[in-house]
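K.L.:
Sequence unavailable; structure follows:
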């Protein structure tokens, strides 16, 4: 029999059993019913297959046709992705404002055209990854020879405006279009994976100073409800120095996704003065959308990121949150009757998480360029329990952990990144990068800030027991140093135009000048000045300068330092 004779046998919610004499394979795409609802083959037994639908199956009934497509779920990749909002299958979400693009899945024709300039010549030999032309967009894009294709350029379109489905070149008779199709669960090939050695500046001092991340690395952001995970990730999406942002709202609340889309549309891109949303791809698969589309959304986001990476761009994928993605895996495993493992999650949870984070890398592309995909995943442990399976397994696979502390969040300390429970395995490598970039003192400042914060935390318990006045003078200054670093450097206001983003220069100035004040306080108590007199000094100029100075200003920081040092001199007189 042919594939067209396949039909629906049974419908149980999103699980659909079909009679399918034709050859089908696991993960193959199947279109169900007259509405051609997409689904994925999740089990095969003789001449029947079980399909998990990506959409609501209301109205689907036994006897309705089923159409196996003979290939896994794939999405179309093209310049129309930039500035768009899509569902988990990369289909544009229409009717939600002018930011949204209409059309078919993943940038299929929507009436727009894109400027194209050829960069090759007919008759030349090319191989996979070579540049055939350039596509004009907010982010400069390239038309590349698709993976697996090489030969002679037999045709090449001239410069002009073209739609995404236009044939722009031919290699040995194989057409090359502006848009490409790629399976979401198959990583795109590269020539070489490179060490992640360059810093990704996020503009958030708590991260860039204490727990930095490299381009092409991985980050987990665990935190309980109300600790500010979404806010932190949104700030990074707005301010990090990546070329393209892929924001995957996986199981998020609809109102939160609406806020993200609205804010991105309003923000001005510091690179070109346009809208920041124009170089962002938003994949919105909210909690009320189908479970299987949620499961596919993170793979879709990684595929989109690899598409831009292959053009030599640095891409950041933000998955918020991987816990709700894992819940979709658990629900799917339960429907399939799989034996549950820890807390009902499937036994393959660890391997699924590893496969997702493995797609982050700094690479040399097939065409010889360098690009990167950095993955940031939020984790929402129930009740803040970091021993639960998703959090525990994620910590095994990531290079950086930005653990959010409930006490800091409730004290209105933003970002609530815990300096005791977080880590960065990239820090030592990035210290070398900072030294090469003209900041050899970066590692020393970072180490000293970490020591002072740890010492202040250690003394905090003693202060609660015996009071601050019972401590020796130097330890009292250590407690003061911890407060100054927390309030003048680590804390940051996401709502302040001056403080929402901090350049490396401003961060370095705040740290160096705060440490200079701490050193002067220690010198005074060592020389006999009473600790009470030092603690009574008004440090307000230093504490407020982070909000008074602009993101790139360092002169006001130095002025605030000098003001405080003068007051300390008066206290010692």
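P.N.:
Received, thanks. Computed from a prediction, not measured in an experiment: that's the story for all the values here.
K.L.:
Going by contacts, tell me the helices and strands next to the helix ranked longest in the chain.
P.N.:
Longest helix in the chain, counting residues (DSSP state H): helix 442-466. Judged by 3 or more CB pairs under 8 Å, 6 or more residues apart in numbering; DSSP states H and E, helix 442-466 is in contact with helix 427-436, helix 473-485, helix 504-526. The C-beta positions use only the backbone N, C-alpha and C, and glycine is treated the same way.
K.L.:
And for it, what's in contact with it?
P.N.:
209-210, 419-420, 427-428, 431, 434-435, 470-471, 475, 478-479, 481-483, 485-486, 489-490, 508, 511-512, 515, 518 (CB atoms under 8 Å, 6 or more residues apart in numbering).
K.L.:
among the helices and strands packed on helix 442-466, which is nearest residue 393?
P.N.:
Between residue 393 and these, the tightest spacing by CB to CB is seen for helix 427-436, at 22.8 Å.
K.L.:
Quick one: mean pLDDT over the closest one.
P.N.:
Mean pLDDT, computed over helix 427-436, is 94.
K.L.:
for the lowest-mean-pLDDT helix or strand in the chain, which positions count as buried?
P.N.:
The helix or strand of the chain with the lowest confidence, counting by mean pLDDT, DSSP states H and E, is helix 254-266 at a mean of 79. The neighbour-count criterion (16 or more other CB atoms under 10 Å) identifies 256, 257, 258, 260, 261, 264, 265 as the buried residues of helix 254-266.
K.L.:
Name the residues that touch it?
P.N.:
Outside helix 254-266, the residues that reach it (CB under 8 Å, 6+ apart) are 85, 96-97, 99, 230, 234, 237-238, 247, 249, 275-277, 280, 282, 284, 286-288.
K.L.:
Quick one: residues contacting residue 33.
P.N.:
8, 59, 60, 61, 64, 65, 66.
K.L.:
typo on my end, residue 138
P.N.:
82, 83, 269, 272, 274, 278, 279.
K.L.:
how close does it get to residue 154?
P.N.:
32 Å (CB to CB, to the nearest Å).
K.L.:
Equivalent analysis for residue 461, please.
P.N.:
Counting by CB to CB, the gap from residue 461 to residue 154 is 75 Å.
K.L.:
quick one: buried residues of stretch 551-563?
P.N.:
Buried, per 16+ other CB under 10 Å, within stretch 551-563: 551, 553, 554, 556, 557, 558, 560, 561, 563.
K.L.:
what does that stretch rub up against?
P.N.:
The contact list for stretch 551-563 (CB under 8 Å, 6+ apart) reads 203, 498-503, 505-506, 509-510, 513-514, 516-517, 541-542, 544-545, 548-549.
K.L.:
Mind giving me the PyMOL select for those residues, buried ones only?
P.N.:
Here is the PyMOL command that picks out the buried ones among the contacts of stretch 551-563, judged by 16+ other CB under 10 Å:
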select buried, resi 203+498+499+500+501+502+503+506+509+510+513+514+516+517+541+542+545+549
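K.L.:
In three-state terms, label the residue nearest to the spatial centre of the chain for me.
P.N.:
The residue lying closest to the centre of the chain (CA atoms, centre = their mean) is residue 318, at 2.2 Å. The three-state label given to residue 318 by DSSP: H, G, I helix; E, B strand; the rest coil is strand.
K.L.:
Can you spell out the domain ranges of the chain, please?
P.N.:
3-72, 109-178, 192-424, 442-572 (automatic domain parsing).
K.L.:
so which of those gets nearest residue 78?
P.N.:
For these, the distance to residue 78 is smallest for domain 109-178, at 4.3 Å, taking CB to CB.
K.L.:
For the protein, which residues score under the pLDDT cut-off?
P.N.:
Applying pLDDT under 70 to the chain picks out residues 1-4, 94-110.
K.L.:
Looks like residue 372 contacts residue 310 (just checking).
P.N.:
No. Using CB atoms under 8 Å, residue 372 makes no contact with residue 310, being 11.1 Å away.
K.L.:
buried set for stretch 371-384?
P.N.:
Buried residues in stretch 371-384 (16+ other CB under 10 Å): 371, 372, 373, 374, 375, 376, 377, 378, 379, 380, 381, 384.
K.L.:
Can you lay out these as JSON lines showing distance to residue 197 and secondary structure?
P.N.:
JSON lines is the format used below for the buried residues of stretch 371-384 (distance: CB to CB, whole Å; DSSP: H, G, I helix; E, B strand; the rest coil):
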{"residue": "371", "distance to residue 197": "14", "secondary structure": "strand"}
{"residue": "372", "distance to residue 197": "10", "secondary structure": "strand"}
{"residue": "373", "distance to residue 197": "15", "secondary structure": "strand"}
{"residue": "374", "distance to residue 197": "13", "secondary structure": "strand"}
{"residue": "375", "distance to residue 197": "17", "secondary structure": "strand"}
{"residue": "376", "distance to residue 197": "18", "secondary structure": "strand"}
{"residue": "377", "distance to residue 197": "22", "secondary structure": "strand"}
{"residue": "378", "distance to residue 197": "26", "secondary structure": "strand"}
{"residue": "379", "distance to residue 197": "26", "secondary structure": "strand"}
{"residue": "380", "distance to residue 197": "31", "secondary structure": "coil"}
{"residue": "381", "distance to residue 197": "31", "secondary structure": "coil"}
{"residue": "384", "distance to residue 197": "34", "secondary structure": "helix"}
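K.L.:
Distance to residue 175 for those residues - can I get that in CSV?
P.N.:
Output for the buried residues of stretch 371-384, formatted as CSV (distance: CB to CB, whole Å):
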residue, distance to residue 175
371, 25
372, 30
373, 28
374, 33
375, 33
376, 37
377, 37
378, 41
379, 43
380, 45
381, 49
384, 54
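K.L.:
which two in those residues are spaced the farthest apart?
P.N.:
Maximum distance among the buried residues of stretch 371-384 (CB to CB): 36.3 Å, for 371 and 384.
K.L.:
how about residue 18, phi and psi?
P.N.:
phi -120, psi 150 (degrees, to the nearest 10).
K.L.:
Just give the closest residue to it, not the sequence neighbours.
P.N.:
residue 66 (4.3 Å; CB to CB, 6 or more residues apart in numbering).
K.L.:
Confirm that the one you found sits in a strand.
P.N.:
Yes. Under three-state DSSP, residue 66 sits within a strand.
K.L.:
what's the burial count for it?
P.N.:
28 (other CB atoms under 10 Å).
K.L.:
quick one: stretch 82-90 to chain centroid distance?
P.N.:
15 Å (CA atoms, centre = their mean, to the nearest Å).
K.L.:
that older thread, just the buried subset of the contacts of residue 138, please.
P.N.:
Buried members of the contacts of residue 138, counted by 16+ other CB under 10 Å: 82, 83, 269, 278, 279.
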